[in-house]
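Trainee: Structure, please.
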Amino acid sequence: MAIKEALQSDMNTPLPMLRDFSDRFSPIVVKELRQGLRTRFFTSALILFHTLIILLLVSVTFGAPVEAVNGIFWGIAAFMLLAVMPLRGFAALHTEATDGTLDMLTLTSIASFRILYGKWVALYSQSLLVAGSILPYMVARYFFGGVEILREVVALVVLALGSGLITAALLAFSSQGPVLLRIFLALCVGAGAVPLGFFTAFLVSASQADSLVREFFALDRWQQCSIIGGILALVVYAVYYFLALGSSRIAPPSENHSTLKRLIALAVHGVLMVTGLLLCFLNTEPRVAFWVYIPLMFLTLIVCMDVLTEEMPRYPTAVAVLARRGHLGRLAGRLLYPGWASGVMFSAVLCGMALVILAGITLQSSSIHWDVGPFPPFLCLFLAVFVPVILRINRTNTFVNWWVVQLCAVVLGIMLMMFCFTMNARGLGVIGMFTPITTLFGVECVEYGSRGAVVFLGCVFSSIWLLAAMVRATTNFKTYSTLESEALEHAGQEPPSQL
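Mentor: Residues are numbered from 1 along each chain as shown. The predicted model follows:
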């Protein structure tokens with residue numbers, strides 16, 4: 001009887017109200033997911049995507065070639081994951097700033113990095129939802145024939161990882177106000193996504209992909225784990241750095257968001273440098289080190305662009321942590337403090353780490369020479385990041401100034417090439433040696449036998465830009481000294497001597 005009454009009481013007890021998200025989720029993630037999943041853009045894009053895929057698979061039953069259907073299938077999937085879904089972050093931060101909601105978020109004591117991370121998790125979760133919805137169609141296509149399921153799974157993983165990386169980049173650049181700059185940066189990110197699309201097409205359609213898969217499984221287990229772990233670690237680091245870049249642009253000026261990401265960058269770039277040198281000197285083919293150098297080069301350019309466009313700190317709280325650690329802490333601050341002045345020294349260190357690998361490859365490869373080899377052009381490419389420190393076209397926004405100066409240099413280089421080839425005056429390509437970017441274009445204009453001398457002169461003039469940037473940076477170190485004195489006075493310590 002007691003059992004019957006207990007069962008009746010349980011049946012009469014109302015069920016608890018279901019929640020769409022757990023309280024353990026970040027409030028930013030919940031907010032963004034609720035807004036994102038209800039938008040017409042997401043629902044319309046998802047419905048249109050699945051409609052196209054269903055119609056594509058139905059066409060196979062009417063005699064459409066399986067190879068063509070497979071190519072179109074992955075083309076639609078790549079466009080959806082690498083373009084449509086990441087573009088939702090194109091104006092995410094700018095819209096929050098113009099609507100005034102970004103200030104409300106910062107007042108809730110939520111760190112700026114958590115804001116960026118929450119937005120990225122919400123956007124990337126929707127991309128993973130789309131990627132997961134592709135799996136049933138992959139199984140259906142398997143029964144039509146002509147499908148290698150292992151290669152297609154790898155292709156889907158590549159697209160998913162690329163989608164997360166592109167989303168983080170667009171989300172970070174959405175902190176910039178000028179719409180033309182954001183469009184230009186989105187095009188640059190899209191250009192970086194093109195190789196992912198070609199690699200996906202190679203995996204799912206090219207017959208050479210089978211030999212690539214067999215060569216991978218022929219490696220030792222530790223080599224396979226090293227390759228997979230290295231790729232995942234690079235993607236995670238790149239996503240983190242893009243989110244840190246964006247968070248530093250929306251953070252209050254009294255906070256220091258630069259020291260931590262610079263320390264992490266030094267650690268990651270140091271590991272890559274050591275790995276590249278080991279591959280260079282311990283491998284029978286030194287060119288294998290290019291597999292480490294290429295991602296290190298792009299990461300170095302991104303980090304240099306970031307630290308060289310940071311505004312100088314205005315509050316002692318931005319330098320207080322290192323200033324209280326004595327003379328060595330203040331000396332390390334000349335590399336790790338926020339601001340473009342310390343960014344010049346920090347960028348020089350990172351560029352040097354990347355060039356060490358390139359120098360090792362050049363020395364170990366007997367077929368590569370210094371004058372016409374890859375070292376001088378890449379040296380000019382790295383030194384080009386310091387030119388905007390000297391040339392100030394836009395004095396109010398250092399980020400905009402960096403990109404405008406680089407774009408102007410590229411335009412001048414293209415005009416120089418057009419003039420030399422149109423007027424049949426290839427010897428005038430030597431004019432481009434005065435800036436690093438125009439040197440790269442000018443070298444292509446001169447005769448092959450003269451390229452060594454032109455690229456050498458270009459490297460000399462490019463080094464002058466680096467020296468000028470360092471001189472300008474050291475003259476602005478007095479800002480750090482002033483803030484250090486204020487920070488130590490607030491802490492009740494003796495102000496430091498001028499460094």
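Trainee: where are the low-confidence patches of the chain?
Mentor: Within the chain, the segments meeting pLDDT under 70 span 1-28, 102-108, 144-146, 206-207, 366-373, 491-499.
Trainee: Hmm, Phe217 is touching Ile227, no?
Mentor: No. Applying CB atoms under 8 Å, one finds Phe217 not in contact with Ile227, separated by 11.5 Å. C-beta coordinates here come from the backbone N, C-alpha and C atoms, glycine included.
Trainee: These two - which one has more neighbours?
Mentor: Between Phe217 and Ile227, Ile227 has the larger neighbour count (other CB atoms under 10 Å), namely 13 against 8.
Trainee: residues contacting the most centrally placed residue in the chain?
Mentor: Centroid-nearest residue in the chain, with CA atoms, centre = their mean: Ala238, separated by 5.0 Å. Shown in contact with Ala238 (CB atoms under 8 Å, 6 or more residues apart in numbering): Leu165, Ala168, Leu299, Ile302.
Trainee: Could I get the phi/psi values of Asn397?
Mentor: Torsion angles at Asn397 (phi, psi; degrees, to the nearest 10) stand at phi -140, psi 110.
Trainee: related to what we said a few turns ago, could you identify the most distant pair in the contacts of Ala238?
Mentor: Using CB to CB, the contacts of Ala238 span at most 13.4 Å, a distance reached by Ala168 and Leu299.
Trainee: These two: which is more packed in?
Mentor: Ala168 (29 against 20).
Trainee: Give me the spatial nearest neighbour of the more buried one, chain neighbours excluded.
Mentor: Phe242 (4.0 Å; CB to CB, 6 or more residues apart in numbering).
Trainee: Could you measure from that neighbour over to Thr167?
Mentor: 9 Å (CB to CB, to the nearest Å).
Trainee: Looking at these two, which one has more neighbours?
Mentor: Neighbour tally, Phe242 and Thr167, criterion other CB under 10 Å: the higher count belongs to Thr167, 29 against 24.
Trainee: can I assume the more buried one is in contact with Gln126?
Mentor: No. Look at Thr167 against Gln126 with CB under 8 Å: they stay out of range, at 9.4 Å.
Trainee: Now do the shared contacts for these two.
Mentor: Met85, Arg88.
Trainee: residues contacting the closest residue to Ile72 other than its chain neighbours?
Mentor: Spatial nearest neighbour of Ile72, chain neighbours left out: Leu56 (5.9 Å); criterion: CB to CB, 6+ apart. Listed by CB under 8 Å, 6+ apart, the contact partners of Leu56 are Val69, Ile72, Phe73, Ile76.
Trainee: Okay, Leu56 and Leu128: tell me how far apart.
Mentor: Distance, Leu56 to Leu128, using CB to CB: 22 Å.
Trainee: Please apply the same query to Ala332.
Mentor: In terms of CB to CB, Ala332 sits 40 Å off from Leu128.
Trainee: domain parsing for the protein?
Mentor: Using automatic domain parsing, the domain parsing of the chain gives 26-251, 253-492.
Trainee: Tell me how many other residues surround Leu128.
Mentor: 15.
Trainee: Kindly apply the preceding question to Ile183 instead.
Mentor: For Ile183, using other CB under 10 Å, the count is 11.
Trainee: and the helix or strand it falls within, how far out from the chain's middle?
Mentor: Following DSSP states H and E, one finds Ile183 within helix 179-205. Chain-centre distance of helix 179-205: 12 Å, with CA atoms, centre = their mean, to the nearest Å.
Trainee: which of the residues in it are buried?
Mentor: 181-182, 184-186, 189-190, 193, 196-197, 199-201, 203-205 (16 or more other CB atoms under 10 Å).
Trainee: How about the helix or strand Val139 falls within, which residues are buried there?
Mentor: Taking DSSP H and E as the criterion, Val139 maps to helix 112-144. Buried residues in helix 112-144, counted by 16+ other CB under 10 Å: 112-124, 126-127, 130-131, 134, 137-138, 141.
Trainee: just to revisit the earlier point, out of the domains of the chain, which one sits most buried?
Mentor: Ranked by mean neighbour count, those are led by domain 253-492 with a mean of 18 (mean count of other CB atoms under 10 Å).
Trainee: hang on, the earlier thing: are there helices or strands packed against the helix holding Val139, and which ones?
Mentor: If you count contacts as 3 or more CB pairs under 8 Å, 6 or more residues apart in numbering; DSSP states H and E, helix 112-144 packs onto helix 27-38, helix 40-61, helix 66-79, helix 92-99, helix 101-107, helix 149-173, helix 221-250.
Trainee: And the ones you listed: which comes nearest Thr362?
Mentor: helix 221-250 (23.3 Å).
Trainee: what's the angle from the closest one to helix 112-144?
Mentor: Between helix 221-250 and helix 112-144, the angle comes out at 140 degrees (axes from the mean of the first three to the mean of the last three CA atoms, to 10 degrees).
Trainee: Quick one: name whatever helix or strand follows helix 221-250.
Mentor: Next along from helix 221-250, by DSSP H and E: helix 259-282.
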